[in-house]
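Student: I'd like to go over a predicted model; first the sequence, then the structure.
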Amino acid sequence: MNAKIVKALRAMKGRCQVLLAAPVALSILFATVSPQAVAAPQRIVSLNLCTDQLLVGLVPRDRIAAVSFLATDRTLSAEATALKGLKQIKGTAEEVLELKPDLIIAGEYTTSATVDLLRRLGQTVLIVPLATDFEGLRQTIRTIAKAVGEEARGEATIAEFDERIKGARSTVQSRPTAIAYQVGSLVAGPHSLMDATLDAAGYANLANSRKLGPASRLPLEQLVSAPPDLVVLANAPSDFKTVLADNLRHPALADLMKRRPNVHLPMPYWMCATPRIAEAVEILASMKATGLAHKRTSP
C-alpha cells in the first residue's frame, strides 16, 4: 500500500478515536453533576397558604419568588414570622408570569382557572393535595421536597416531626374523650387533621360518636349536656366579632369552661398539614399527662 495512503488512514483513525471518546468524556463529566443541582428550581412561587408554610421549611428564602397574600396572617399561618418579608401576591396569572418562575406550587383547591391558564402558557405547576392525616403530611412534604430538589431536607423534616410525635405520646394508658369546638359550633370530625392530632395525643375524639349536623356542627346544647373530658377551643371568643361566633361567647359555654378542663389550640397549629402540628400534639399530650389541668396557650 502506498505510504501516503497508510499515513492518511492512520490520521483518520486518530481523529475518529477522538470523536468517539468525546461523548464518553462528556457523559462522565455530566454524570458527576447531580441532576437536582442542575435542575433545582430557583424562582419558586407558592399560591397556597399551606404550601407557603411547607416551602419555607424546605428551601432558602432567596429561592422563593413569592408566596400567597395570607402567608403572614398570624391568625392563619403558623409560619407568619418565617415568611415575613417575602413578596406576597393574590395569585393572578399576570402576577405570577411577571415573576418568571421556574416552579409554581398550588393546592388542589387553588383557583383552577389560574392554574389551568398557567399550564397552557407552558408554566411548570405542581398541584399538592391537602393532607387530612399525618401520613398525608409526610407524602406532601416528600412531593414538594422532590420538586424543589431538597429530598434530603424533606426526609430530615419528616424524621424530626416523627420524633416529636413519638416523644409527645403520653405514658398514661387511658384515652379520655375530647372535642375540638369551633366558631359556629363546628367540630372536627373523623378524617380530619384535628382528629389525627387528638388521636396522636392519646384522646378519643367524641365527635366521632356523635350525630353531627350540616357541615359537622354540634349544637351547643348537646355539648353542654354531655361534655367530653377535654374541650379544645379551636378559636378564642375574641377572634371573631360577628354573630357567627356567639356560640363561643354564650354563658352556657363559659360555665362549661369552669367545670371542664379546656385548652385553646389556635388555628395556625392545625389549619394546614405542616410539621407545626407536632406542637398541637405536644400541648394536648401535656394536658393528658397532667390530669387535664386547665391551660391556655398561643402560637
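Tutor: Arrived safely, thanks for sending. Numbering: from 1, shown residues only.

Student: Identify the bridge partners of residue 217.
Tutor: residue 186, residue 213 (DSSP bridges).

Student: That one: neighbour count?
Tutor: A total of 16 residues lie near residue 217 under the criterion other Cβ atoms under 10 Å. Every residue, glycine included, has its C-beta placed from N, CA and C.

Student: Could you report the separation of it from residue 266?
Tutor: 21 Å (Cβ to Cβ, to the nearest Å).

Student: now do residue 45
Tutor: For residue 45, the distance to residue 266 equals 27 Å [Cβ to Cβ].

Student: okay, those two: which has more neighbours?
Tutor: residue 45 (29 against 23).

Student: Strands of the stretch 51-200 of the chain, start to end?
Tutor: If DSSP state E, counting those that start in this stretch is used as the criterion, the strands of the stretch 51-200 of the chain fall at 64-68, 88-89, 103-107, 125-128, 177-181.

Student: can you put the ones you listed in JSON lines and add mean pLDDT, mean neighbour count and distance to residue 191?
Tutor: JSON lines is the format used below for those (pLDDT from 0 to 100; neighbours: other Cβ atoms under 10 Å; distance: least, Cβ to Cβ, whole Å):
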{"stretch": "strand 64-68", "mean pLDDT": "98", "mean neighbour count": "24", "distance to residue 191": "25"}
{"stretch": "strand 88-89", "mean pLDDT": "98", "mean neighbour count": "18", "distance to residue 191": "31"}
{"stretch": "strand 103-107", "mean pLDDT": "96", "mean neighbour count": "25", "distance to residue 191": "18"}
{"stretch": "strand 125-128", "mean pLDDT": "96", "mean neighbour count": "19", "distance to residue 191": "18"}
{"stretch": "strand 177-181", "mean pLDDT": "95", "mean neighbour count": "26", "distance to residue 191": "14"}
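
Student: So which residues of the stretch 1-150 of the chain form helices?
Tutor: Ranges of helices in the stretch 1-150 of the chain, per DSSP state H, counting those that start in this stretch, are 3-31, 35-39, 49-56, 80-83, 93-98, 112-120, 134-147.

Student: And for the third one, what's in contact with it?
Tutor: Okay, so that is helix 49-56. Helix 49-56 is contacted by residues 44, 46, 64, 67-68, 70-71, 73, 76-79, 82-83, 86, 105-107, 128, 130, 140-141, 144, 148, 271-274, 276 when judged by Cβ atoms under 8 Å, 6 or more residues apart in numbering.

Student: If we use 6 Å, what do you get?
Tutor: 46, 67-68, 70-71, 79, 82-83, 105, 107, 128, 144, 272, 274 (Cβ atoms under 6 Å, 6 or more residues apart in numbering).

Student: relative to strand 64-68, how tilted is it?
Tutor: Between helix 49-56 and strand 64-68, the angle comes out at 150 degrees (axes from the mean of the first three to the mean of the last three Cα atoms, to 10 degrees).

Student: and helix 49-56, C-alpha only, in CSV?
Tutor: Listed next in CSV are the C-alpha coordinates belonging to helix 49-56 (Å, rounded to 0.1, in the frame of the first residue of the first chain):
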residue,chain,number,x,y,z
LEU,A,49,-51.3,29.3,52.4
CYS,A,50,-50.4,25.7,53.3
THR,A,51,-47.8,25.2,50.6
ASP,A,52,-46.3,28.6,51.7
GLN,A,53,-45.6,27.1,55.1
LEU,A,54,-44.2,23.9,53.8
LEU,A,55,-42.0,25.6,51.2
VAL,A,56,-40.3,28.0,53.6
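
Student: what about it, distance to the chain center?
Tutor: Here helix 49-56 is found 6 Å from its chain centre; the criterion is Cα atoms, centre = their mean, to the nearest Å.

Student: and the residue nearest to residue 74 when sequence neighbours are not counted, how many residues sit next to it?
Tutor: Residue nearest to residue 74 in three dimensions, not counting chain neighbours: residue 80, with 4.6 Å by Cβ to Cβ, 6 or more residues apart in numbering. By other Cβ under 10 Å, 18 other residues sit near residue 80.

Student: okay, residue 80: pLDDT?
Tutor: Residue 80 is assigned 96 on the pLDDT scale.

Student: Check the one 3 residues further on too.
Tutor: Model confidence at residue 83, expressed as pLDDT, equals 97.

Student: Now do the contacts for it.
Tutor: Contact analysis of residue 83 by Cβ under 6 Å, 6+ apart lists 52, 56, 67, 71-72.

Student: go on, residue 64?
Tutor: Counting by Cβ under 6 Å, 6+ apart, residue 64 has contacts 44, 86.

Student: ok, now the one 3 residues further on?
Tutor: Residues counted as contacts of residue 67 (Cβ under 6 Å, 6+ apart) are 46, 52, 83, 86, 88.
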